[in-house]
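Visitor: Whatever this is, show me its structure:
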Amino acid sequence: MASSYPVIPAPWEIPVDFKITKSPFPFSPRHLTVYDSRGSLAYRVIDGGSSSTSPRRRVLTLFDASGAPLITLVREQDEWKAYKGNANECKDVIFTAKSLSDSRFRSVIDVFLSGRDSEDSKPSFRLTGNPFSRYCTITKEDTVVAQTYLLYKLKKRIYSRRKFRLTVYPRNDHVLILAMLVTFFITS
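Guide: This is a model prediction of the structure:
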């Protein structure tokens, strides 16, 4: 009897795990390094610092493993904007992220994809969690699309907050999810 289901599921039907390491500040430039499940470098986020003309402006760039810029994130006041590559023009905006609540124990950020009016519509994604504990859940409507957790080791009493795991669930863009996570974690 032949089965109509594939023996091995397609890659986009399996959750994908990444290990994220945050550099120890102030010893090196602030950045995140992202490794795939095999331990190979997948992405890197490098902090371009704040502008001398506007101290509330901050620029971060998400690079792939080869060093090509994928997304540039710019924070001005209490809002993040994500641009394609190294661009910073309105036509290249991918999403806008706005913080709803930001406390030591719980943060909520709404993400609006470009082409949608952030004032009149519901957010495309919502990030909820605790940046200090490196826990975040990204939802789209009522569906969880990604989650982060601290990396725990058995028999270890003290856990590093510099290393955590990102699980991206099937049919979601890894780069977009990672860029949204940067808006949640990089300032903590």
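
Visitor: how about low-confidence regions in this structure?
Guide: The chain contains residues with pLDDT under 70 at 1-12, 24-30, 49-56, 102, 116-120, 152-160, 187-188.

Visitor: Now do the strands in it.
Guide: 16-22, 31-35, 41-50, 57-64, 69-76, 79-84, 93-102, 107-113, 125-130, 135-140, 143-150, 163-168 (DSSP state E).

Visitor: can those go into a markdown table with extra columns for mean neighbour count and distance to Leu181?
Guide: Glycine gets a C-beta too; all of them are placed from N, C-alpha and C. What follows is these, written out as a markdown table (neighbours: other Cβ atoms under 10 Å; distance: least, Cβ to Cβ, whole Å):
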| stretch | mean neighbour count | distance to Leu181 |
| --- | --- | --- |
| strand 16-22 | 18 | 8 |
| strand 31-35 | 19 | 9 |
| strand 41-50 | 17 | 9 |
| strand 57-64 | 18 | 10 |
| strand 69-76 | 19 | 11 |
| strand 79-84 | 20 | 11 |
| strand 93-102 | 17 | 10 |
| strand 107-113 | 19 | 10 |
| strand 125-130 | 20 | 7 |
| strand 135-140 | 18 | 6 |
| strand 143-150 | 17 | 7 |
| strand 163-168 | 19 | 7 |
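
Visitor: could these be laid out in a markdown table, adding distance to Val182?
Guide: Below are those laid out as a markdown table (distance: least, Cβ to Cβ, whole Å):
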| stretch | distance to Val182 |
| --- | --- |
| strand 16-22 | 10 |
| strand 31-35 | 7 |
| strand 41-50 | 5 |
| strand 57-64 | 6 |
| strand 69-76 | 6 |
| strand 79-84 | 8 |
| strand 93-102 | 9 |
| strand 107-113 | 11 |
| strand 125-130 | 11 |
| strand 135-140 | 11 |
| strand 143-150 | 12 |
| strand 163-168 | 11 |
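
Visitor: nearest to Leu176, of the ones you listed?
Guide: strand 93-102 (7.3 Å; Cβ to Cβ).

Visitor: Lys140 is in contact with Phe125, correct?
Guide: Yes: counting by Cβ atoms under 8 Å, Lys140 is a contact partner of Phe125 at 5.3 Å.

Visitor: wait, what's in contact with the residue nearest to Leu60 when sequence neighbours are not counted?
Guide: In this structure, Leu60 finds its nearest non-sequential neighbour in Leu73, 4.4 Å apart by Cβ to Cβ, 6 or more residues apart in numbering. Residues in contact with Leu73, defined by Cβ atoms under 8 Å, 6 or more residues apart in numbering, are Val59, Leu60, Thr61, Leu62, Trp80, Lys81, Ala82, Tyr83, Ala179, Val182, Thr183.
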